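**Student:** Return atomic coordinates for the entry below.
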Amino acid sequence: MAILRVKPSTLAGEVTAPPSKSYTHRAFSIGLLARGESRVIDPLLSFDTLATIDASRILGAEVKQEGTTWRIVGTAGHLEPRADLIDVRNSGTTLRFMSAIAALSPSSVHLTGDASIRARPMGQLIETLAKLGARARCEGPRGRPPVVVGGGLKGGEVEITGAVSSQFISALLLACPYSEGGVELSITEELRSRPYVEITLEVLDAVGAKIKHNRALTEFWIPGRQVFKATRFSIPGDFSSAAFVLGAAALTGVEVRVNNLDVRGAQGDKRIVDMLREFGVDLRVRGRTVEVTGAGGLTGIEADCGDNPDLVPVLAVLGAVADGRTALTNIPHLRYKETDRLRALASELHKLGARVKELPGELHLRGVKQLKGASLTSYGDHRMAMALAVAGLVAKGETVIDGAESVKVSYPNFIDDMRKLGGRLELVW
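**Tutor:** The predicted structure follows:
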């Protein structure tokens, strides 16, 4: 286990946002299903996305790297698994997407992962796949992994909740065009993290998928027997990861620039730009560069984060030191991430001296003048590790965070980028 030591720092300079994890997962998943050779330009290479690349190979795709371009020869939906076991490691996205895709396999495929993955809810997705005609079951207790899928999708009319994970809906949108008879999919309860479904639809449209839906994204009509066309995917920069650098700049930066961020794109987490402005941050967008000047004096905000759960860890850190009250609401689904992030954030920020209250689906904070260094745990959660590192930059004394190797799940260069900007971070194994 790696320990990250963080000391108070002032940041200045320029870094480039890492490629998007969300787009990378979708590009390789769709390339696996497409006919012909797709190209993925500048994908994110992290623990999570490498799990998806490995799963694509196991399910029959030919995948080769040529510099920053990856070539993937797809299966046209005719999966011929090279093994009957997929280890998704710590990647929830890989688990959800590949469970639905592997259901198209004539033979059964087992999917499992680490202890965190084996605690993630899968029951409703697996039940939906079974209703569509697949052989699908959970082998863990209470609808948890490992899961077993296969046998193909016949199609039909099904419902699934939108309240647990948008990845359920995205997974079905990827696989259902290959059903025999088509699928009518209805979303019950509130669809949280809607922008991630919009990203899935955007990428599917690029490969010619025919999917009709209502404006609310609660009803989908998906014809069967489709085959995606091969295409070229150029992966954009990731706002979800860049949010930690932007948040750190807001707290400690003289002037920090983050490149490769397209505020006109479909990523929902581009909302971090508007949220930082609400906190009172001096921020400018120049083309694909976001510039932040950290001058302190932040003011608390109230934000519905139902569509932006991955921003909550860094927003909570900002709220911990912003004047007045910050309320982050509509986030019960944060309890089903790599760890229960609501509980974890409340626990670890409290150790730093923050005034934080955990509610069933909310976090409330009242800003303090000074955080204090402490020994913290990241719970092996990449976004917790990065958020606590940001907090350590403005805490008095040294902050020590265990499980810091988890940053490689989504932002492998996070520590190097923070050091490049002047952050006093030391990784100890």
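**Student:** Tell me the strands beside the helix or strand bottoming out on mean pLDDT in the chain, with direction?
**Tutor:** In the chain, the helix or strand scored least confidently by mean pLDDT, DSSP states H and E is strand 253-259, which has a mean of 94. Note on strand 253-259: by DSSP bridges, its sheet partners are strand 11-16 (parallel), strand 289-293 (antiparallel).
**Student:** Name the residues of the first one that come out as buried.
**Tutor:** It refers to strand 11-16. 11, 15, 16 (16 or more other CB atoms under 10 Å). (Each C-beta comes from the backbone N, C-alpha and C, glycine too.)
**Student:** So what sits opposite the last one in the bridge?
**Tutor:** Per DSSP bridges, residues listed as beta-bridge partners of residue 16: residue 259.
**Student:** So which elements touch the helix or strand containing residue 31?
**Tutor:** Secondary structure from DSSP states H and E places residue 31 in helix 21-33. Contact here means 3 or more CB pairs under 8 Å, 6 or more residues apart in numbering; DSSP states H and E; on that basis helix 21-33 packs against strand 37-41, helix 47-58, strand 69-73, helix 92-102, helix 166-175, helix 194-206, strand 232-234, helix 239-252.
**Student:** could I get the ones you listed as TSV with mean neighbour count?
**Tutor:** TSV is the format used below for these (neighbours: other CB atoms under 10 Å):
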stretch	mean neighbour count
strand 37-41	19
helix 47-58	22
strand 69-73	19
helix 92-102	27
helix 166-175	26
helix 194-206	20
strand 232-234	16
helix 239-252	28
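**Student:** mind checking which of the ones you listed is nearest residue 371?
**Tutor:** helix 239-252 (10.0 Å; CB to CB).
**Student:** Specify the residue ranges that define each domain of the protein.
**Tutor:** Following automatic domain parsing, the chain resolves into domains at 3-18+237-428, 21-234.
**Student:** Next, work out how far apart residue 301 and residue 139 are.
**Tutor:** 43 Å (CB to CB, to the nearest Å).
**Student:** just residue 405 next, same as before
**Tutor:** Residue 405 is 28 Å from residue 139, by CB to CB.
**Student:** quick one: terminal-to-terminal distance for stretch 154-170?
**Tutor:** 18 Å (CA to CA, to the nearest Å).
**Student:** buried stuff in it?
**Tutor:** 155-156, 158, 160-170.
**Student:** Could you work out the most separated pair of these?
**Tutor:** Farthest apart among those - using CB to CB - are 155 and 163, which lie 24.5 Å from each other.
**Student:** so who does residue 330 touch?
**Tutor:** 192, 304, 305, 306, 361, 362 (CB atoms under 8 Å, 6 or more residues apart in numbering).
**Student:** Farthest-apart pair in those, please.
**Tutor:** 192 and 362 (13.6 Å).
**Student:** So for those two, which residue has more residues nearby?
**Tutor:** residue 192 (23 against 18; other CB atoms under 10 Å).
**Student:** Provide the backbone phi and psi angles at the residue nearest to that one when sequence neighbours are not counted.
**Tutor:** Leaving out its chain neighbours, the residue that sits closest to residue 192 by CB to CB, 6 or more residues apart in numbering is residue 306, at 4.7 Å. Residue 306 adopts backbone torsions of phi -60, psi -40, taken as degrees, to the nearest 10.
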